[in-house]
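> pasting the sequence and the predicted model now:
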Amino acid sequence: MSGGPYGRGKAPERQCLPLQRWPDADRMLWQAACAPGSILDENLGVRSAHAKISNTKDQKGYGRWLTYLQFAEPACLSDGPADRITTERIKRYVQSLQALDNSTATILARMQELGSVAKIMGPDRSWSFINRLSSKVRAGHRPVRNKLALRPANELVDLGFVLMASAEALSPLEGALAYRDGLIIALLAHVPLRRRNLADLRLGQSLVHGPGGWLVVFEEDQTKTHTVYETRLPVALVASLDVYLERYRPFLAARTGRWTSDLEDALWVSKDGSPMTQMAIYDRIRARTAAAFGKAINPHMFRDAAATTMAVNDPEHVRIAAPLLGHRSFSTTEKYYQQATGLQAQRTFVEVIEQIRKGNTDV
């Protein structure tokens, strides 16, 4: 079964319409905006100076808007791109996102993405009403994710090691998958990356082995905050990573299936021998945590777990949550400022986890 025009992993109405499926007018305007600039046309290339990750994010967000229109209001697709973006239509779009249980943060992100691309579709128009609608959505915030499902970081680490230990007693394929999933969970609990960066780990690129051990490194254009992210892989995970690279990754890489694609240097390998997608990693983490704890924990909640674990067990160092999570400042996590580097933050966080796992909470 193919993924169709929307790709694989989600119900069609939840997908972001790919650029090649956009209406011609929308696609041409966006591609022109992303092309190299020209002094002859002030609108040509206006997005070319933006980071690739930012353009990709806004492109996907606008694709989500087009998906909504295709399902809910297809007749308006014959209108001009800017003419379709109206106050009442956006209100209905927001209602549809709410009906699909999207969090307030996700809805606000979708509106920001739509607003950014609206400036390309209608550069001479005022789009301030989108910001006003966003303010109303923000004011009516109701959390969607059940924070009661949150587990402390040490329990997530324990789950990762339990899964890896279980691999020997399983069939070769199930054992490889259990070990891989366990390593993903243990790594994410120690190094709470964003889902995109977790999926984008590449041997020799973003996961680099040197004299001092393994480093996780992402450049400015690879992170949400456009800042370099660098941290050392905790010693507790080095042996587990070595086993995965020597035994389980080659086993999975040798497999083929319907969805097989070029693996290259991707760290995480699917059962079909392909690089794991963000959605595949998301699904595996939720499935494993649901089986262990009775409630699914998604990858983003590992970041909540890291901040909460530090706040509860080592409040003196709670401000390291900002660099630990790759935030520019602690105001993103709380009303404070950044006081530690990413490497310092990572070392302190790992020390806290290890002391909790050893039964010493006097940190």
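Yes, it's here.
> hey, let's count contacts and neighbours off CA atoms from now on
OK.
> okay, which residue is most central for this protein?
By C-alpha atoms, centre = their mean, the chain has its centre lying nearest to residue 195, at 2.9 Å.
> list the contacts of that one.
278, 282, 299, 300 (C-alpha atoms under 8 Å, 6 or more residues apart in numbering).
> and for residue 217?
By C-alpha under 8 Å, 6+ apart, the contact set of residue 217 is 205, 206, 207, 208, 228, 229, 230, 231.
> what's opposite the closest residue to the second one other than its chain neighbours in the beta bridge?
If I follow you right, that is residue 206. Of all residues not flanking residue 206 in the chain, residue 217 sits nearest, at 4.7 Å (C-alpha to C-alpha, 6 or more residues apart in numbering). Assessed by DSSP bridges, residue 217 has beta-bridge partners residue 230.
> just to revisit the earlier point, just flag the most distant two among the contacts of residue 195.
Greatest spatial distance among the contacts of residue 195 (C-alpha to C-alpha): 278 and 300, at 11.9 Å.
> buried ones in the longest helix seen in the chain?
Scanning the chain for the helix with the most residues, using DSSP state H, yields helix 52-72. By neighbour count on 16 or more other C-alpha atoms under 10 Å, the buried set for helix 52-72 is 54-55, 58-69.
> got a markdown table for these, with pLDDT and distance to residue 76 too?
Listed next are those as a markdown table, based on pLDDT from 0 to 100; distance: C-alpha to C-alpha, whole Å:
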| residue | pLDDT | distance to residue 76 |
| --- | --- | --- |
| 54 | 83 | 27 |
| 55 | 88 | 25 |
| 58 | 92 | 21 |
| 59 | 95 | 20 |
| 60 | 94 | 20 |
| 61 | 94 | 18 |
| 62 | 96 | 15 |
| 63 | 95 | 15 |
| 64 | 96 | 15 |
| 65 | 97 | 12 |
| 66 | 96 | 10 |
| 67 | 95 | 12 |
| 68 | 95 | 11 |
| 69 | 96 | 7 |
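> would you reformat these as TSV and include distance to residue 186?
Output for these, formatted as TSV (distance: C-alpha to C-alpha, whole Å):
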residue	distance to residue 186
54	29
55	31
58	31
59	32
60	30
61	31
62	34
63	34
64	32
65	36
66	38
67	36
68	37
69	40
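> these two touch, right, residue 29 and residue 123?
No. The pair residue 29 / residue 123 is not scored as a contact, 10.6 Å apart, by C-alpha atoms under 8 Å.
> so those two - more neighbours on which side?
residue 29 (17 against 12; other C-alpha atoms under 10 Å).
> which residues touch that one?
Here residue 29 is in contact with 120, 121 (criterion: C-alpha under 8 Å, 6+ apart).
> quick one: the helices in the stretch 201-350 of the chain?
235-243, 249-253, 278-293, 299-313, 321-324, 342-357 (DSSP state H, counting those that start in this stretch).
> least confident of those helices, on average?
With a mean of 42, helix 321-324 has the lowest mean pLDDT of these.
> can you pull the pLDDT of residue 327?
For residue 327, the model assigns a pLDDT of 42.
> again, but for the one 10 residues further on
pLDDT for residue 337: 31.
> swap in residue 42?
pLDDT, residue 42: 54.
> now stretch 121-128, how far from the centre of its chain.
29 Å (C-alpha atoms, centre = their mean, to the nearest Å).
> need the distance between the two termini of that stretch.
Between the opening and closing residues of stretch 121-128 there is a gap of 14 Å (C-alpha to C-alpha, to the nearest Å).
> mean confidence score for it?
Here the average pLDDT along stretch 121-128 is 94.
> which residues in the stretch 101-250 of the chain form strands?
Assigned by DSSP state E, counting those that start in this stretch, the strands in the stretch 101-250 of the chain fall at 207-210, 213-218, 229-232.
> do you know which of those lies nearest residue 114?
strand 213-218 (27.0 Å).
> kindly export the closest one (C-alpha atoms) in CSV.
Output of strand 213-218 as CSV, limited to C-alpha atoms (Å, rounded to 0.1, in the frame of the first residue of the first chain):
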residue,chain,number,x,y,z
GLY,A,213,34.5,9.5,23.1
TRP,A,214,31.3,10.2,21.1
LEU,A,215,30.0,13.7,20.5
VAL,A,216,26.5,14.7,19.4
VAL,A,217,26.9,17.8,17.2
PHE,A,218,24.4,19.8,15.2
